[in-house]
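*Asks:* Pasting the sequence and the predicted model now:
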Amino acid sequence: MLHFTIELAHRAGELLRQGHENGAALVHTKQSTVDLVTETDLASERLIIDALRREYPDHAIYGEESGDVLPSSGPVWVIDPLDGTTNFAHGFPVFSVSIALLVDSQPVLGVIRDPLRDDSFWAERGQGAWRNGQRMQVSSTAELGRSLLATGFAYDRATNPDNNLAEFSYFMPKTRGVRRAGSAALDMAWVACGWLDGYWERGINVWDAAAAVVMIREAGGLAMSYSGQPWRPGDRNMLASNGVQTMHDALVTGLRSARAGLPSLT
Ligand code: IPD
Ligand code: CA
Ligand code: CA
């Protein structure tokens, strides 16, 4: 199953890579002028769903562009066929494919494909996390002042005062940097492989996070919701770290202090 999913993410990634090379993506807007979908999102999702239906006809499938209600029991494939659509639509070379398997609402398998860097990240619960066949491990950075972090800003940022700017202003001067690369799945895969020390974001969806959560945990890190509980499908925010206690505590404390006055999120 893992082998099949790695191959599938690779094939979908090729579609993205070719689309990027051909340029001039056909872009449509979804709920606002900043929330986009391209023909490539749809083609990638179609490719993945068709293959999963053929291979696992009894499994449920929940894709970003076609999902309705996320089933809470049994095996469910969760797909982000193109994570980083805004980047893709502008030709900015950071985007990925993310495929996860949930069983009874628990993320148990995750594959993320970065076609431009030729990177495949995968993890299976209890079996470790891997990048191109090499074991992945989170970083050992223990202090905020020596950390490199990542975050993202949800599509409702122009209308919702809870727009992550308070958190960004808090962490940016206290760290070596905060990246906003534009693909949440890659932000989290890069925490799992130790290139980043932590990541936070409000407003993410299950398809952004499910595959990466398996990786972060298998690589020794923590994937929590803002409430401090382990992240579960349905949680719309994420605080991920390398799991080093001082580092994780600094992120929790920072987020809490930056968010004073903002609604508490589950
Ligand atoms: C988005 C990207 C972005 C994150 C947004 C996501 P999409 O996914 O992961 O980095 O900040 O929250 O919605 O729309 O490109 O699949
Ligand atoms: Ca996404
Ligand atoms: Ca997407």
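*Replies:* In hand now; what should we look at? Ligands and ions are numbered 1, 2, ... in the order given.
*Asks:* Would you mind writing the CA trace of stretch 232-247 as PDB?
*Replies:* Included here for stretch 232-247 are C-alpha records, laid out as PDB according to Å, rounded to 0.1, in the frame of the first residue of the first chain:
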ATOM      1  CA  ARG A 232      -6.800  15.100  14.800                       C
ATOM      2  CA  PRO A 233      -8.700  15.300  11.500                       C
ATOM      3  CA  GLY A 234     -11.200  18.100  11.800                       C
ATOM      4  CA  ASP A 235      -8.800  20.400  13.700                       C
ATOM      5  CA  ARG A 236      -8.400  23.600  11.700                       C
ATOM      6  CA  ASN A 237      -5.000  24.700  13.100                       C
ATOM      7  CA  MET A 238      -1.600  23.200  13.700                       C
ATOM      8  CA  LEU A 239       1.400  23.700  15.900                       C
ATOM      9  CA  ALA A 240       4.100  21.300  14.800                       C
ATOM     10  CA  SER A 241       7.600  21.200  16.300                       C
ATOM     11  CA  ASN A 242      10.800  19.100  16.600                       C
ATOM     12  CA  GLY A 243       9.400  17.900  19.900                       C
ATOM     13  CA  VAL A 244      12.400  19.300  21.900                       C
ATOM     14  CA  GLN A 245      10.700  20.300  25.100                       C
ATOM     15  CA  THR A 246      12.100  23.900  25.400                       C
ATOM     16  CA  MET A 247      11.500  24.500  21.700                       C
END
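*Asks:* So for it, what gets flagged as buried?
*Replies:* Buried residues in stretch 232-247, counting neighbours by 16 or more other Cβ atoms under 10 Å, are found at 232-233, 235-244, 247. C-betas here are computed from N, CA, C, even on glycine.
*Asks:* Tell me how far the residue in the stretch 151-266 of the chain positioned nearest to ligand 3 lies from ligand 1.
*Replies:* Residue of the stretch 151-266 of the chain nearest ligand 3, by Cβ to the ion: Trp207 (6.9 Å). Distance of Trp207 to ligand 1, given as Cβ to the nearest ligand atom, to the nearest Å: 7 Å.
*Asks:* So that residue: helix, strand or coil?
*Replies:* With DSSP: H, G, I helix; E, B strand; the rest coil as the basis, the three-state label of Trp207 is helix.
*Asks:* Contacts only, for it.
*Replies:* 62-64, 67, 78-80, 83, 98, 100 (Cβ atoms under 8 Å, 6 or more residues apart in numbering).
*Asks:* Go again with 6 Å.
*Replies:* 64, 78, 80 (Cβ atoms under 6 Å, 6 or more residues apart in numbering).
*Asks:* Most neighbours out of those, which is it?
*Replies:* Within the contacts of Trp207, most neighbours by other Cβ atoms under 10 Å means Asp80, with 31 neighbours.
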